[in-house]
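K.L.:
sequence first, predicted model second:
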Amino acid sequence: MIKRIMARLQKSSVETTLKPFHKTLIEIHALGESLKSLSIQDLKARIPELDTQAKVFAAVIEASHRLLGMRPFDSQILAGLALFEGFVIDMKTGEGKTLAAAAPNIANALAGRKVYLLTFNDYLAKRDSDLLLPLYEFFGLTVGVIQADMSSDERRLAYQSDIIYATAREVGFDFLRDQLCLYSHQIVLTKLDVAIVDEADSILVDEARIPLVISGNVNQPNEHLTNVSKAVRDLVETVDYNIDKHHSNVHLTDVGTHKIEKQFDCENLYDVEHLPLLTSVNLALHAQALLIPDVDYIVKGKNIKLIDEFTGRIAENRRWPDGMQSALEAKESLAVKKEGQTLGSITLQHLMSLFNKVSGMSGTAELAAEELYELYHLTSCVIPPCKPCMRIDKPDRVFIDNHSKDAAICQEIDAIHKTGQPILIGTPNISESERLHALLLENGITGQLLNAKNDQDEAHIIAGAGALGAVTICTNLAGRGTDISLGAGAKDLGGLHIIGTSRFESRRIDDQLRGRSARQGNPGSSQYFVSLTDKLFNHFTEEEFGSIKALQGELNAKAALNKKIAHAQRVIEGANLERRKTLHRYSEVVEHQRRGFQKLREDILHQNGVEAFIEDVDERWQGLSHINNDKRTEALVIVVLYNLDKVWIEYLSEIDYIKESIHLNGAMGTSSLFGGSEPYHVFIRQAHEVFEQLIGKLKDAVVDTFNGVVIDENGIDPDSELFDMTKSTSSYVVVDNPFNGMDSQVAKKFGQKMKKLGF
């Protein structure tokens, strides 16, 4: 903790001077002058002579002007230089990050390096690559674009390109699928070398702890969970169960426990023999009491769709872990299916560590600089805007409750709307956006509504959000690549006005909403409306706000309250960092095992070291002497890989069980079961023990499988059960937080430390 505070004071996570880049910038401009008189053909002929970074950048600038009609500003050139050197750049929204990435992409690719431009979503990957494609092709470079619906052959071809545009998730899923290949020609991904990450704070920080998962499909109905969900639905809050004040945990009362025991005819719900029932009850209770429709998820068709808290969009292919998704399906009376067996998993943080060089860009990187430095050892730098920001950020208006806040928001919107100034209202979730939309309609104000239920209309709605008199209510716009153009006359009225209906737990998300206004030197304004009943304050005690909670309506001590709000956000951000670090410690153990396992698997896949197994299966091997040696070897490789994968799948299953046991023991206050050891050390010991035990069984398993499988002159039959495991798979992401009961405690402890240090 002290080290982190000192690092902040010393600004070790943020580069405060751009002087080295300015020197190169002068050289680039000098070189660029000599290129302006060249024809486009002569400019292309110079490409083989581009032997320095400055020469490449100068050529890219001139080519961009000729081919795209865009000459990069100095701010974009400085950004490109910083990206090439491995920095994360803070470059405000609307300053042209897409074009800024072109020169470092080309410079890396011309040096023979494989470049990945990792975007937030498929749309941005396609849009940005299409925009810069003429420039890349001019330099003789190939460009690949990865989209979620592409086939394996299409992906393999795209990854062979010099520059690849893709989401980090798609690259991660392809990485995991490659780890299940039984033939080397099935691999689609090429080497992970250089990565430039767009929306770096969202991808590298907000989603750092999210594991990417690939699983075998299992479609078995789960009637047991359906029955449990029906029983839990009849329980009454405060009588049968209680929810903690942070709305992050729920538990049965004695009355509720007795009802469940009677319903399912068990004498003691907490006996070991009833652990599956207890688990199902806890899942159903959590889904019923804590997961809120139109906030955490929506029901679309016959499926549960989770909502991304940072973007307000449907989080495609995201699932709750450890049975929670099934519990949610039961709650909503949908068909409940058991979760597929996990075949492989990797967090985005560990995926990024596989690249040799990483840089990134974001409009709010400075606020995430400390975490980027701690998690990835990446230093951030701030790129000054091309034109000064003209946005007026008004002080927060703070209210005692939501009723007072809603009334003030409606009054403010009504007053501004009468002037014709366009208004964009950012809300934290679908429910809030729909409620405010209804309130405005009651007050005679018609506005456009944009949330996860209609985000297919986003382009159309956003296109009109800057028009005169426009009122647009939306969930958060982070990571959307959205540019709101001002309509005729809107600039004279002050530009786009942003209203935030609550503060987010992260200051970066607040700033991303504000950043939709006053882009590229245009005027604009913003203001947040805050209630002391907002989610942000759930983690704090009555003592901290008790004196002002007794008041009514709007609170006037703006300076003191704004200080408290800023403190609350810093505390939550600090707690989230502590949680990410804790989760990383646990996942690091599994990642260490995965890398060793992966190396062994890759060697076998390429038939390196397979000879060691021939001795173990010698009798059957000699009995197949009539079969071509290559086919025998291929069959043995498949058998070894099949059993290696079974080992890894069982290991991941055991790891989940160990984590759940640790969490359950902690939640029940039974830490003494650890024998005085910290849960983390228990986890390390048990994880290593399980891995060694499973690897120890590998040789016998290979012998049994090889002796039992049918092998002829064509090798192993493609319909053999050895291929069943990966014939049908699903890929998705989960929020991996088995220790969520610790969140409020971490926040409290971190807040106490901050106070002692005077923050």
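P.N.:
Done, it's in. Numbering: from 1, shown residues only.
K.L.:
what's near enough to touch the residue nearest the centre of the chain?
P.N.:
In the chain, the centroid-proximal residue (C-alpha atoms, centre = their mean) is residue 207; its distance is 2.7 Å. With C-beta atoms under 8 Å, 6 or more residues apart in numbering as the criterion, the residues that contact residue 207 are 168, 348, 733. Every C-beta, even on glycine, is put in place using the N, C-alpha and C of the backbone.
K.L.:
before we move on, what about residue 347?
P.N.:
Residue 347 touches 208, 209, 210, 211, 212, 584, 587, 591, 736, counting by C-beta under 8 Å, 6+ apart.
K.L.:
gap between the fourth one and residue 121?
P.N.:
Same thing as residue 211. 19 Å (C-beta to C-beta, to the nearest Å).
K.L.:
more neighbours, these two?
P.N.:
Neighbour comparison, residue 211 and residue 121: the larger count goes to residue 211, with 23 against 20 (by other C-beta atoms under 10 Å).
K.L.:
beta-bridge partners for that one, please?
P.N.:
On the basis of DSSP bridges, residue 211 is bridged to residue 347.
K.L.:
relative to residue 321, how far out is it?
P.N.:
When distances are taken as C-beta to C-beta, residue 211 and residue 321 turn out to be 8 Å apart.
K.L.:
same question, residue 292
P.N.:
Note on residue 292: its distance to residue 321, by C-beta to C-beta, is 18 Å.
K.L.:
so which of those two has more stuff around it?
P.N.:
Neighbours around residue 292 and residue 321, counted as other C-beta under 10 Å, are more numerous at residue 321. The numbers are 18 against 13.
K.L.:
tell me which element that one is part of?
P.N.:
Secondary structure assigned from DSSP states H and E places residue 321 in neither a helix nor a strand.
K.L.:
tell me if I'm right that residue 631 and residue 625 touch.
P.N.:
No. In terms of C-beta atoms under 8 Å, residue 631 does not count as a neighbour of residue 625; the distance is 11.7 Å.
K.L.:
neighbour count winner among the two?
P.N.:
Using other C-beta under 10 Å as the criterion, residue 631 and residue 625 rank with residue 631 on top: 16 against 8.
K.L.:
and the more buried one, how far is that from residue 609?
P.N.:
As defined by C-beta to C-beta, residue 631 lies at a distance of 19 Å from residue 609.
K.L.:
before we move on, the earlier item: now, among the contacts of residue 207, which is nearest to residue 241?
P.N.:
residue 733 (29.5 Å; C-beta to C-beta).
K.L.:
wait, that closest one touches residue 211, no?
P.N.:
Yes. The pair formed by residue 733 and residue 211 meets the contact definition of C-beta under 8 Å, at 6.8 Å.
K.L.:
report the separation between the residue nearest to the centre of the chain and residue 375.
P.N.:
Applying C-beta to C-beta, the value for residue 207 to residue 375 is 12 Å.
K.L.:
how about residue 566?
P.N.:
23 Å.
K.L.:
neighbour count: those two, which is higher?
P.N.:
The residue with the greater number of neighbours, taking residue 566 and residue 375 and applying other C-beta under 10 Å, is residue 375; the counts read 20 against 13.
K.L.:
can you pull the contacts of the more buried one?
P.N.:
Residues counted as contacts of residue 375 (C-beta under 8 Å, 6+ apart) are 204, 205, 208, 349, 580, 581, 584.
K.L.:
same deal with residue 64?
P.N.:
If you count contacts by C-beta under 8 Å, 6+ apart, residue 64 has them with 70, 71, 72, 99, 102, 135.
K.L.:
closest one of these to residue 455?
P.N.:
Distances from the contacts of residue 64 to residue 455 were compared by C-beta to C-beta; the smallest belongs to residue 99, at 26.3 Å.
K.L.:
you'd agree the closest one is up against residue 76?
P.N.:
Yes. Shown here, residue 99 and residue 76 form a contact pair, counting by C-beta under 8 Å, at 5.7 Å.
K.L.:
which element is residue 174 on?
P.N.:
With elements taken from DSSP H and E, the one containing residue 174 is helix 168-178.
K.L.:
who are the packing partners of the helix or strand following that helix?
P.N.:
Tracing the chain past helix 168-178, the next element assigned as helix or strand by DSSP H and E is strand 194-198. In this structure, strand 194-198 packs against helix 102-110, strand 115-119, strand 357-362, with contacts taken as 3 or more C-beta pairs under 8 Å, 6 or more residues apart in numbering; DSSP states H and E.
K.L.:
let me have these in CSV, extended by mean pLDDT and mean neighbour count.
P.N.:
Supplementary listing: those in CSV, determined by pLDDT from 0 to 100; neighbours: other C-beta atoms under 10 Å:
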stretch, mean pLDDT, mean neighbour count
helix 102-110, 98, 25
strand 115-119, 97, 26
strand 357-362, 96, 24
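K.L.:
would you turn these into TSV with distance to residue 343?
P.N.:
Formatted as TSV, the entries for the helices and strands packed on strand 194-198 read as follows, by distance: least, C-beta to C-beta, whole Å:
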stretch	distance to residue 343
helix 102-110	33
strand 115-119	23
strand 357-362	27
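K.L.:
what separates residue 368 from residue 202, distance-wise?
P.N.:
9 Å.
K.L.:
which one's more surrounded, these two?
P.N.:
Neighbour comparison, residue 368 and residue 202: the larger count goes to residue 368, with 28 against 25 (by other C-beta under 10 Å).
K.L.:
hmm, back to that, give me the phi and psi for the residue nearest to the centre of the chain.
P.N.:
When quoted as degrees, to the nearest 10, the phi and psi of residue 207 stand at phi -110, psi 10.
K.L.:
alpha carbons of the lengthiest strand in the chain, as PDB, please.
P.N.:
Here the longest strand in the chain is taken by residue count, with DSSP state E as the criterion, and it is strand 523-531. Included here for strand 523-531 are C-alpha records, laid out as PDB according to Å, rounded to 0.1, in the frame of the first residue of the first chain:
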ATOM      1  CA  PRO A 523     -18.400  24.000 -27.100                       C
ATOM      2  CA  GLY A 524     -20.200  21.800 -24.700                       C
ATOM      3  CA  SER A 525     -21.100  21.400 -21.000                       C
ATOM      4  CA  SER A 526     -21.900  18.700 -18.500                       C
ATOM      5  CA  GLN A 527     -23.300  18.200 -15.000                       C
ATOM      6  CA  TYR A 528     -23.900  15.200 -12.800                       C
ATOM      7  CA  PHE A 529     -27.000  14.800 -10.500                       C
ATOM      8  CA  VAL A 530     -26.300  12.600  -7.500                       C
ATOM      9  CA  SER A 531     -28.400  11.100  -4.800                       C
END
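K.L.:
neighbouring strands - and their directions - for that strand?
P.N.:
Strand pairing for strand 523-531, using DSSP bridges, gives strand 390-393 (parallel), strand 397-399 (parallel), strand 496-500 (parallel).
K.L.:
weakest of those strands by average pLDDT?
P.N.:
Of all the strands paired with strand 523-531, the minimum mean pLDDT falls on strand 397-399 (a mean of 91).
K.L.:
give me the contacts around it.
P.N.:
Outside of strand 397-399, the residues that reach it under the criterion C-beta under 8 Å, 6+ apart are 405, 408, 527-532, 553-555, 558, 561-562, 565.
K.L.:
where does the stretch 151-300 of the chain dip in pLDDT?
P.N.:
Per-residue confidence for the stretch 151-300 of the chain (pLDDT under 70) gives these ranges: 217-223, 246.
K.L.:
show me where the stretch 1-150 of the chain has helices.
P.N.:
In order along the chain, the stretch 1-150 of the chain carries the following helices (DSSP state H, counting those that start in this stretch): 2-10, 19-33, 40-45, 53-68, 74-84, 97-100, 102-110, 122-138.
K.L.:
output the contacting helices and strands for the third one.
P.N.:
Counting contacts by 3+ C-beta pairs under 8 Å, 6+ apart, helix 40-45 packs against helix 53-68.
K.L.:
for stretch 48-62, C-alpha coordinates in CSV please.
P.N.:
Extracted as CSV, the C-alpha positions of stretch 48-62 are listed here (Å, rounded to 0.1, in the frame of the first residue of the first chain):
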residue,chain,number,x,y,z
PRO,A,48,12.5,0.1,-49.2
GLU,A,49,14.7,3.0,-48.0
LEU,A,50,12.6,3.6,-44.8
ASP,A,51,15.3,2.4,-42.4
THR,A,52,14.5,4.7,-39.4
GLN,A,53,11.4,5.3,-37.3
ALA,A,54,11.4,9.0,-38.4
LYS,A,55,11.5,8.1,-42.1
VAL,A,56,8.6,5.7,-41.7
PHE,A,57,6.5,8.2,-39.8
ALA,A,58,7.2,10.9,-42.4
ALA,A,59,6.2,8.6,-45.3
VAL,A,60,3.0,7.5,-43.5
ILE,A,61,2.0,11.1,-42.9
GLU,A,62,2.5,12.1,-46.6
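K.L.:
thank you, goodbye.
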